[in-house]
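Engineer: here are the coordinates; sequence isn't available:
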């Protein structure tokens, strides 16, 4: 598995004449990469699980203080954000979109001029999950709430 690229010695000493240098690099890359992927997958799976009743109640109480409410007929939360103008609303949506994409968790939202209506739920568990709570808090922070 030792890579012989530019600078490899003809005797098979590895890159830049260092024996096994590229093998060591490959092993380090593999060892560091695989566990992080496994850890991330475990974290994503855990956060997509429905919230336990006590955790749900505590999270909803906290979010209610900043204007989030429960959607009738769904296990979801909703809030309307109002900005000074369309540019501020769209800029806020862009920040939120980047955060949502990084978390692979996307809001249901509707924008008219300076108003953005947001509904959060996790479709994978058909209800509220830690992902919704995290994204709601991030949206509030971006809005300066």
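Structural biologist: That came through, no problem. Bear in mind that the values here come from a model prediction, so they are computed numbers and not experimental data. Numbering: from 1, shown residues only.

Engineer: Please make it C-alpha for all contacts and neighbour counts, starting now.
Structural biologist: Noted.

Engineer: List the buried residues in stretch 99-107.
Structural biologist: Neighbour-count burial for stretch 99-107, with 16 or more other Cα atoms under 10 Å as criterion, is recorded at 99-100, 105-107.

Engineer: Restricted to helices, list these.
Structural biologist: 99-100 (DSSP state H).

Engineer: Do a quick rundown of the strands in this protein.
Structural biologist: 69-70, 77-82, 108-112, 115-120 (DSSP state E).

Engineer: With respect to residue 130, which of those lies nearest?
Structural biologist: For residue 130, the closest of the strands of the chain is strand 115-120, at 10.9 Å, according to Cα to Cα.

Engineer: Contacts for that closest one, please.
Structural biologist: Strand 115-120 has contacts (Cα atoms under 8 Å, 6 or more residues apart in numbering) with 76-83, 86, 89, 107-111, 128, 132, 136.

Engineer: about what we covered before: now flag whichever of the buried residues of stretch 99-107 is closest to residue 64.
Structural biologist: residue 107 (17.9 Å).

Engineer: what about the spatially closest residue to the closest one that is not a sequence neighbour, how many residues close to it?
Structural biologist: Once flanking residues are discounted, residue 107 sits nearest to residue 120: 5.4 Å by Cα to Cα, 6 or more residues apart in numbering. Residue 120 has 26 neighbouring residues, counting by other Cα atoms under 10 Å.

Engineer: where does this protein dip in pLDDT?
Structural biologist: Scanning the chain with the threshold set as pLDDT under 70 gives 1-46.

Engineer: if we can go back for a sec, how much space separates the residue nearest to residue 107 from residue 88?
Structural biologist: If you measure residue 120 against residue 88 using Cα to Cα, to the nearest Å, the figure is 21 Å.

Engineer: buried sites along stretch 114-125?
Structural biologist: Neighbour-count burial for stretch 114-125 [16+ other Cα under 10 Å]: 115-116, 118-122.

Engineer: Likewise for stretch 87-102?
Structural biologist: Within stretch 87-102, the residues that qualify as buried by neighbour count (16+ other Cα under 10 Å) are 88-90, 92-93, 96-97, 99-100.

Engineer: again, but for stretch 136-145
Structural biologist: 136-140, 143.

Engineer: does residue 124 really touch residue 48, like I thought?
Structural biologist: Yes - shown here, residue 124 and residue 48 form a contact pair, counting by Cα atoms under 8 Å, at 6.7 Å.
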